[in-house]
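Asks: Fold the following.
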Amino acid sequence: MTSTDADAREELLRRGFALEYATLGWNVAGILVLAYAAASAGSVALAGFGLDSLIEIGASTVVIWELSVTGEDRRRRALRLIGVGFALLALYLLVQSTWVLATGFRPRHSALGIGWTAGTAVVMFALARGKARTGAALGNSVLTTEGRVTLIDGLLAAAVLLGLVLNTTAGWWWADPAAGYVLVHYAAREVREIFLGGAAVPRHEERPSSQ
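Replies: Residues are numbered from 1 along each chain as shown. As a prediction, this is how the structure comes out:
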């Protein structure tokens, strides 16, 4: 590999790190914002999306370890922990959403929740595109795969946003727990992929020496 190629790869790696740290920063802020919004509105969808943000922090951390060329065993353990997190998320949302529908609990309006989920959808779509392009240029399937997770995160934000807007504008209170079921489906799929789909993170090529 020439010096020019090595420099280009180093630049792509820096971009990959920057994208993951941006994802981490947004999701850390999201946990705080969503916890307050969910408690204020009594929204199961916002609470579930906040827990999803926590899990996304773990996913980004796994990719940062991968880009840093850490051990395979450590990555596998981290992925299993993420899988357990998704399983707990699915169980919580399934029980909570069913309880809300069964009791007819009406979540309150949440302007903060609407604003944050709208912003999250835009940011996650932009980050997902950047990860897809950077991962493809690096030939790094880990970054590319996590970029698809980020894309799904944006789609989930849009689903939660729709439920919040319908609750606010049309009084469709059931749209909030319905959005919770969307998150259940996504979380269950991630658990299946991690534990049954052979989703051990493939190892990318070792970082070349710049010498």
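
Asks: for whichever strand or helix holds residue 150, which positions count as buried?
Replies: Following DSSP states H and E, one finds residue 150 within helix 141-170. Going by neighbour count (16 or more other Cβ atoms under 10 Å), the buried part of helix 141-170 is 142-147, 149-168. Bear in mind the C-beta positions are built from the backbone N, C-alpha and C, glycine included.

Asks: what does the helix or strand that it is followed by contact?
Replies: Moving toward the C-terminus from helix 141-170, the next helix or strand (DSSP H and E) is helix 175-196. Here helix 175-196 makes contact (Cβ atoms under 8 Å, 6 or more residues apart in numbering) with 43-45, 48-49, 52, 79-80, 82-83, 86-87, 89-90, 93-94, 96-98, 100-101, 107, 149, 152, 156, 159-160, 162-164, 166-167, 199.

Asks: And for stretch 18-38?
Replies: For stretch 18-38, contacts defined as Cβ under 8 Å, 6+ apart pick out 43-44, 46-47, 49-50, 53-54, 56-57, 60-61, 63-64, 67, 110, 112-113, 116, 120, 123-124, 127, 130-131, 134, 143, 146, 150.

Asks: Now, those that are in helices?
Replies: Of the contacts of stretch 18-38, the ones assigned to helices by DSSP state H are 44, 46-47, 49-50, 53-54, 56-57, 60-61, 63-64, 67, 112-113, 116, 120, 123-124, 127, 130-131, 134, 143, 146, 150.

Asks: No further questions, thank you.
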